[in-house]
Structure formats: C-alpha cells, structure tokens
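Student: The amino acid sequence is not available; the structure is as follows:
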DNA sequence: CTCCCGATAT
DNA sequence: ATATCAGGAG
C-alpha cells in the first residue's frame, strides 16, 4: 500500500521530514557546508551578493581573483564603480551588485568597525543583504541555527511537499516547524547540494535521488 | 509587483 | 528561443 501523500496528517508530515533529514545525512555524511569559496565572513557576504541569479561556479571563478584585490571593507568602500563592474560583469546584475558592495564596505566601516556583524537584525540592514544572505552567513560563519531559503530550497521543499507556500519567509517558517533545530544548518547545506546536482529545475534525477521514497513528486515531473 | 542582466543548458 | 542560475531593492 503506497504512502498517501494527499491525506497526510501534520504528524505524518513531521515524521516524514525527520526521515528526509536522516536520508540526507546518510547521503552526505559530513556537513558539506557551502560551495561558495570564501576565507572570511566578508568574502562570504560578497560572494553571496554576487550569487543572485547566477551559478555558483561562475561566482567562484570571479572571486578567485576578486578576493586577492579586495580583502577589507575599506577596499570595497574605495572601489571604483566602473572598475568593479568590469570585474564582476559576467555575474549579471552587475550595476546593482557593484553599487551594493561598495555601499556595503562603507556601511561596515561606518557602523561595524569594518567587520561583518553576527545578528540577523544588523545583517539585513546592510546594502545588498537580505534574509537569505543573512542566514547563510549566520549559519556558516557564526553557527547560528537557521534555514537558508534560496532558489534550491524553495524548489525542492515544494516538490517534497514540505510547504505549500511560495514566499521565502513563510517557507522558512514551515521548515523550521518540521525540522529539528539541531539539524537546521546541515540540512540547509545538504538540501541545497541535492537541489544543485540531483533535484535540478528542469529534469530532476529522481532515479538517483535518495529521497525518491519519501517524495510526492518523485518520477512525476 | 517589477526591475536588474550575463552565461549556459535544453 | 527560453528557462534557469545559492536575491534584493524600490
């Protein structure tokens, strides 16, 4: 008798969510962290800003040289708009991203002694930093429990039937209610990797997905 | 909600 | 040709 996803009770959904956590843990035994290359919290914030609507591979190619030239908030604050645009152009949205990163450098110098702050409240006030980037930095650099809702988290969570919502903040709430807090950070990292390589947008590879036994969308997309 | 925007896979 | 890629601001 197949699992009835349609009439799943909240209790059953919670139990299934824990099973998903467990299967992901088995598939990616050690916490894979982020695939964005970085050395410092500042690096990660800049990489995250650059990564909007662009592949992580391209961002890592750009930052490999970028992070050699820019190593402090002051470096970014003093960057020339046109020169910086040329360096990051292939990331797309390059005018906005450049504006935000230069303003980020200035804001860090003005309000935080040039350092990246460690709270959600302060992070989301920074230019170019929204909730997704803030959660990424909080989880990766500061060990603050949180779920990073990016394009992969949105898509995969919907396919898994863990949320009916479309708004990232609602999805985050739903997931936080289904997944044990101690698992939030590694869950984010693992699910995003799964989304990048297996549960891809166009033709998800359900046959090779470790979650195909607990996913209402398996083999139906 | 729209706009920002280049690169790549399909 | 078009969908999609580790979003955020106005």
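Tutor: All right, it came through fine. Please read all numbers here as calculations on a predicted model, not as lab measurements.

Student: Just want to check the distance between the residue of chain A found nearest DNA strand B and residue A:158.
Tutor: Using C-beta to the nearest atom of the strand, the closest approach of chain A to DNA strand B is made by residue A:92 at 2.1 Å. Any C-beta I mention is one placed from the backbone N, CA and C, and that applies to glycine too. Distance of residue A:92 to residue A:158, given as C-beta to C-beta, to the nearest Å: 24 Å.

Student: on that earlier part again, burial check on the residue of chain A closest to DNA strand B, number of neighbours?
Tutor: Residues lying near residue A:92 (other C-beta atoms under 10 Å) number 13.

Student: Surely it touches residue A:55?
Tutor: No: counting by C-beta atoms under 8 Å, no contact exists between residue A:92 and residue A:55, whose distance comes to 10.0 Å.

Student: Which residues are in contact with the residue nearest to residue A:215 when sequence neighbours are not counted?
Tutor: Computed as C-beta to C-beta, 6 or more residues apart in numbering, the closest residue to residue A:215 that is not its neighbour in sequence is residue A:160, at 5.4 Å. Neighbour list for residue A:160: A:20, A:211, A:214-217 [criterion: C-beta atoms under 8 Å, 6 or more residues apart in numbering].

Student: Name the residues of chain A found near DNA strand B, please.
Tutor: Taking C-beta under 7 Å from any atom of the strand as the test, the list of chain A residues beside DNA strand B reads A:53-55, A:58, A:89-97, A:202-203.

Student: now, which of those residues lie within helices?
Tutor: Using DSSP state H, the members of the residues of chain A next to DNA strand B that fall in helices are A:58, A:94-97.
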